[in-house]
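> The amino acid sequence is not available; the structure is as follows:
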């Protein structure tokens, strides 16, 4: 899923559904294009069956995403917006102890939610919402 989102011009699912729509140019790396690709992915048969959960941390990005598609994604695809703490709480209870990789990933997410110092200069980083 993530690979196809990053490289829609190489994905066979995109090539068949949107021929020549994505060409791999630098402008396709911009946020509006990435959101359009994500919206298109959620409406393609190949991915619309997956039980996906999208969580936007920025409400402006979530609003832009919501305004892209003429139809919302399938009802089993959850689209949310909120703080990182919300994600850690939801997924921590759901996945804790079931898979080593998921637990490690959750630990990283929790660290990001609590640690706001720059990893280069060690100065505090102010996160605006």
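Okay, I see it. Not measured: the values here are computed from a predicted model. Residues are numbered from 1 along each chain as shown.
> Show me where the chain has its strands.
53-56, 78-81 (DSSP state E).
> Counting neighbours, which bits of the first one end up buried?
Of the residues in strand 53-56, those scored as buried under the neighbour-count criterion (16 or more other CB atoms under 10 Å) are 55-56. In short, each C-beta sits where N, CA and C put it, glycine included.
> list the helices and strands that strand packs on?
helix 59-66, strand 78-81 (3 or more CB pairs under 8 Å, 6 or more residues apart in numbering; DSSP states H and E).
> TSV for those, including mean neighbour count?
Converted to TSV, those look like this (neighbours: other CB atoms under 10 Å):
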stretch	mean neighbour count
helix 59-66	14
strand 78-81	14
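> Point out where this structure drops to low pLDDT.
Along the chain, segments meeting pLDDT under 70 span 85-117, 119, 125-129.
> Can you show me the helices along it?
Applying DSSP state H to the chain gives helices spanning 2-6, 12-17, 31-43, 45-48, 59-66, 84-95, 100-114.
> hang on, the earlier thing: what would the helices and strands packed on strand 53-56 look like in CSV with distance to residue 23?
Listed next are those as CSV, based on distance: least, CB to CB, whole Å:
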stretch, distance to residue 23
helix 59-66, 22
strand 78-81, 27
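> before we move on, the earlier item: dump the strands of the chain to TSV, plus distance to residue 72.
Below are the strands of the chain laid out as TSV (distance: least, CB to CB, whole Å):
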stretch	distance to residue 72
strand 53-56	11
strand 78-81	8
